[in-house]
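Colleague: Sequence and predicted structure below; questions after.
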Amino acid sequence: MGILALRLFQLQIVEHQKYKVLAKNNTTRTAITRAPRGIIYDRHGNILATSKQSLSVIVYPAALTKQKDKESVARLLCTYVNMSYEDLYKIFDEMEPSTPLPLTLENDVGIETAIRIFENQKQLPGIAVENQAIRYYPYQEITGHLLGYVGQINSNELESARQRGLGLGDVIGKEALEKVFDEPLQGVKGEARVSVDRYGRSLKEGEGQKKIIKNPIKGKDLHLSIDIKLQQVAYEALENKQGAVVAMNPKTGEVLALVSSPSYDSNIFTKPVPTALFNDLMNRKAFVNRAISSFTPGSVWKPFTSLAALQKGVLNPAERLRVSGSYNYGGFNFGDWTGKVDIVDLRQALAWSRNTYFYQIADRMKPEWLVEVGRNFGVGTKTNIELLGESNGVLPSPEWKKKNMKESWYPGNTLHYSIGQSFLLISPLQLARMYAGLATKGLVPSPHLVKDPNKVVIKQINSYATKNYDIVESGLKECIETGTGQASKLVGVRLAGKTGSAEVKGYAHTTHGWFAAYGPVENPEIVVVVFMEGAGHGGTVAAPVAKKVFDEYFKDKIKKPVRSKARTVRRARA
């Protein structure tokens, strides 16, 4: 009796506070309230990413620790939600029991599903349906590569997340702008103490008190330079083919559209992605952002070869050279895209993209001159746009080839270099920056997505005379008016641009299709670059895509045909 009395004294008096806390934790739990994530807007105030309320199926890791329960819950729950037994069991098996936040299994479930889960609660320990705010992307695939997506923190991200006060169950940006600007978009979580039943579920309102400890603070909004209508037109013009479109203001560097195709719907990542769907996206290379990846540019590089040759004094724009199907140099034939024999000057050579003209010019040039013009316009360096995974590109030189190819530089390399082949690699975004420099006669802007006057950075190139820019531009205007770029021609707005067809292997067509242009020529407002991966000739596959983008941008300036009154009268009489 003495021992029992001492034990009762110990439990009720000495360890009273300890067991009081344990009892409280059995009947209540700290609920972490996620802060509303900041909204992302386009330049006109259209919402690109926001949050919406959703009925979500969640799991409390602490309530599902037994192996047999994990198996039985996964087997039953897979009949209610759009997830396989394997995917559910994998989540249950890998989650940490100490995780304070519930893990989301599926969002946007219907009332029927919610009722079935509630009715079978005894067979589904740790599973609940709650009203949650989830990320919502109204433009789906159109903004996939631009915005990225959010998702729950995984074990690989846990260490860095903890340094920011986050943990398992928290949602963070995973790709693109959502990841780059995750901290300001995230906001600050709130806390509350809520009463729970024996299953760990929150009691209904009135059955238990909810004590707010700290209110959540909404994340900061993000305002982009993107014009969502232009973005939409560009995406639809690609028709889900492998390619990219970049549209940019050449004076400020504000990116008006940045599209890569095929893309993905960011909304699918608000819950665990089924393995089959993820594999399908991987097989279609939907995660590759072609707008910031580097490819062989082909003839869109020729204006820069021309600019360098003019500045060095080895090219007279009025000089006329014979062009044909090939040019023989040192016993090797360097081909042209057409066998037509003609006598052309620089303006005509640019308009009709005659390789054999540029081979003859390149024979007078040093490879270092091409390296110089490329470096001046930013080739081989990132644009530092607010996206992850941007490619540097490759600006080859004799030293680069010696280091990377273990070979000397040959004269034939310079010939190929002059037409944008050789080892040269440029991304569509880099090319947009380069053509912005042509449009502004040597003022090269830094491309950016966030609308902020402080982000306008202009690099001035003093290496080339204004008259040489004008000479090159005359060829680019002719390319649109009468040459290979006629498919982009507008009525009432003059453009200057260049088509490109870069030779590649491993595709149904043997060329990448390129097109780059700016307008109006008199006062450039927009640069558009289109890249079509392994799709064919630039004038055929890329220029028509650019025309749709220009049509949208200049829709209020493009002249529409006016019917004469006489024709109207005759038609009425008929």
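Modeller: Arrived safely, thanks for sending. Numbering: from 1, shown residues only.
Colleague: residues touching E473, list them.
Modeller: Residues near E473 by Cβ atoms under 8 Å, 6 or more residues apart in numbering: L438, A496, V521. In this view, the C-beta of every residue, glycine as well, is placed from N, C-alpha and C.
Colleague: The residues you listed into TSV, with extra columns for neighbour count, secondary structure and distance to I426?
Modeller: As requested, these are exported to TSV (neighbours: other Cβ atoms under 10 Å; DSSP: H, G, I helix; E, B strand; the rest coil; distance: Cβ to Cβ, whole Å):
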residue	neighbour count	secondary structure	distance to I426
L438	26	helix	14
A496	27	strand	19
V521	18	coil	23
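Colleague: and which of those is nearest V394?
Modeller: L438 (20.8 Å; Cβ to Cβ).
Colleague: okay but that closest one is in contact with I471, surely?
Modeller: No - counting by Cβ atoms under 8 Å, I471 is not a contact partner of L438; they are 11.5 Å apart.
Colleague: related to what we said a few turns ago, need the contacts of E473 in CSV (columns: pLDDT).
Modeller: Shown next, in CSV, are those (pLDDT from 0 to 100):
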residue, pLDDT
L438, 98
A496, 98
V521, 97
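Colleague: residue ranges with poor pLDDT in this protein?
Modeller: Across the chain, the ranges flagged by pLDDT under 70 are 18-32, 99-101, 193-212, 559-574.
Colleague: Check it for its longest helix and report it.
Modeller: Ordering each helix of the chain by length in residues (DSSP state H) puts helix 466-481 first.
Colleague: Now it - C-alpha only, CSV.
Modeller: Provided in CSV are the C-alpha atoms of helix 466-481 (Å, rounded to 0.1, in the frame of the first residue of the first chain):
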residue,chain,number,x,y,z
THR,A,466,26.1,52.7,-87.8
LYS,A,467,26.4,52.6,-91.6
ASN,A,468,27.4,48.9,-91.4
TYR,A,469,24.3,48.1,-89.3
ASP,A,470,22.3,49.9,-92.0
ILE,A,471,23.8,47.9,-94.8
VAL,A,472,23.1,44.6,-93.0
GLU,A,473,19.5,45.8,-92.3
SER,A,474,18.9,46.5,-96.0
GLY,A,475,19.5,42.8,-96.6
LEU,A,476,17.3,41.8,-93.8
LYS,A,477,14.5,44.0,-95.1
GLU,A,478,14.9,42.4,-98.5
CYS,A,479,14.7,38.9,-97.0
ILE,A,480,11.2,39.7,-95.8
GLU,A,481,10.1,41.7,-98.9
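Colleague: List the buried residues of the next helix or strand after that helix.
Modeller: The helix or strand immediately downstream of helix 466-481 is strand 496-503, counting by DSSP states H and E. By neighbour count on 16 or more other Cβ atoms under 10 Å, the buried set for strand 496-503 is A496, G497, K498, T499, G500, S501, A502.
Colleague: Pretty sure the last one sits against F515.
Modeller: To tie it back to what came earlier, the one meant is A502. No - between A502 and F515 there is no contact, the gap being 11.9 Å when judged by Cβ under 8 Å.
Colleague: Let me see the contact set for I385.
Modeller: Counted by Cβ under 8 Å, 6+ apart, I385 has contacts V255, I292, L429, P447, H448, L449.
Colleague: if we go to 10 Å?
Modeller: Residues counted as contacts of I385 (Cβ atoms under 10 Å, 6 or more residues apart in numbering) are 180, 246, 253, 255, 258, 291-292, 427, 429-430, 433, 446-450.
Colleague: List just the nearest of these to N384.
Modeller: Nearest member of these to N384, counting by Cβ to Cβ, is S446, at 6.6 Å.
Colleague: need the contact list for the spatially closest residue to the closest one that is not a sequence neighbour.
Modeller: Nearest residue to S446 in three dimensions, chain neighbours excluded: V457, at 4.2 Å (Cβ to Cβ, 6 or more residues apart in numbering). Applying Cβ under 10 Å, 6+ apart to V457 gives the contacts T252, G253, N384, V444, P445, S446, P447, H448.
Colleague: which residues are common contacts for A502 and F515?
Modeller: By the contact definition Cβ under 10 Å, 6+ apart, A502 and F515 are jointly contacted by S299, V300, F531, G538.
Colleague: For V456, see how far away the second one is.
Modeller: Right, V300. When distance is defined by Cβ to Cβ, to the nearest Å, V300 is 25 Å away from V456.
Colleague: how about F9, secondary structure?
Modeller: When classified by DSSP: H, G, I helix; E, B strand; the rest coil, F9 comes out as helix.
Colleague: H44 sits in which helix or strand?
Modeller: Using DSSP H and E, H44 maps to neither a helix nor a strand.
Colleague: right, and E522 touches R494 too?
Modeller: Yes - E522 lies in contact with R494 (Cβ atoms under 10 Å); the separation is 7.1 Å.
Colleague: still on that earlier bit, out of the buried residues of strand 496-503, the closest to I142 would be?
Modeller: When the buried residues of strand 496-503 are compared against I142 (criterion: Cβ to Cβ), the nearest one is G497, at 24.6 Å.
Colleague: what's the distance between that closest one and G325?
Modeller: 25 Å.
Colleague: same thing with G437?
Modeller: In this view, G437 and G325 are 33 Å apart by Cβ to Cβ.
Colleague: who has more neighbours, those two?
Modeller: Neighbours were counted for G437 and for G325 using other Cβ atoms under 10 Å; G437 has more, 25 against 14.
Colleague: So which of the contacts of I385 belong to helices?
Modeller: Secondary structure from DSSP H places V180, L429, Q430, R433 of the contacts of I385 in helices.
Colleague: Domain-wise, how is the protein divided?
Modeller: 27-196+211-223, 244-553 (automatic domain parsing).
Colleague: what would the ones you listed look like in TSV with distance to V14?
Modeller: Converted to TSV, those look like this (distance: least, Cβ to Cβ, whole Å):
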stretch	distance to V14
domain 27-196+211-223	23
domain 244-553	47
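Colleague: Pretty sure A257 sits against E236.
Modeller: No - applying Cβ under 10 Å as the test, A257 and E236 come out as separate, 11.5 Å apart.
Colleague: hey, what's in contact with both of those two?
Modeller: Shared contacts of A257 and E236, defined by Cβ under 10 Å, 6+ apart, comprise I142.
Colleague: Make sure S260 is indeed in a strand.
Modeller: Yes - judged by three-state DSSP, S260 forms part of a strand.
Colleague: ok, S225 to Y518 distance?
Modeller: Taking Cβ to Cβ, one finds S225 at 17 Å from Y518.
Colleague: higher neighbour count, those two?
Modeller: Remark: of S225 and Y518, Y518 carries more neighbours, 25 against 22, as counted by other Cβ under 10 Å.
Colleague: burial measure for L166, as a count.
Modeller: 19.
Colleague: How about it: what's its closest non-neighbour residue?
Modeller: What sits nearest to L166 in space, not counting adjacent residues and going by Cβ to Cβ, 6+ apart, is I153, at 6.3 Å.
Colleague: Next up, the contacts around the one you found.
Modeller: Counting by Cβ under 10 Å, 6+ apart, I153 touches 99, 101, 103, 160-162, 166-172, 174.
Colleague: If we use 6 Å, what do you get?
Modeller: Neighbour list for I153: A161, L168, D170, I172 [criterion: Cβ atoms under 6 Å, 6 or more residues apart in numbering].
Colleague: These in helices, which ones?
Modeller: Members of these lying in helices (criterion: DSSP H): A161.
Colleague: quick one: which two of the contacts of I153 are the most distant?
Modeller: Largest separation among the contacts of I153 by Cβ to Cβ: L168 and I172, giving 11.1 Å.
Colleague: ok, now how distant is R322 from F9?
Modeller: 111 Å.
Colleague: One more: N468?
Modeller: As judged by Cβ to Cβ, N468 and F9 stand 98 Å apart.
Colleague: Compare these two (neighbour count), which wins?
Modeller: Set side by side, N468 and F9 show more neighbours around N468, with 20 against 11, by other Cβ under 10 Å.
Colleague: For that one, which non-adjacent residue is spatially closest?
Modeller: Excluding the flanking residues, the one nearest N468 by Cβ to Cβ, 6+ apart is L310, at 4.2 Å.
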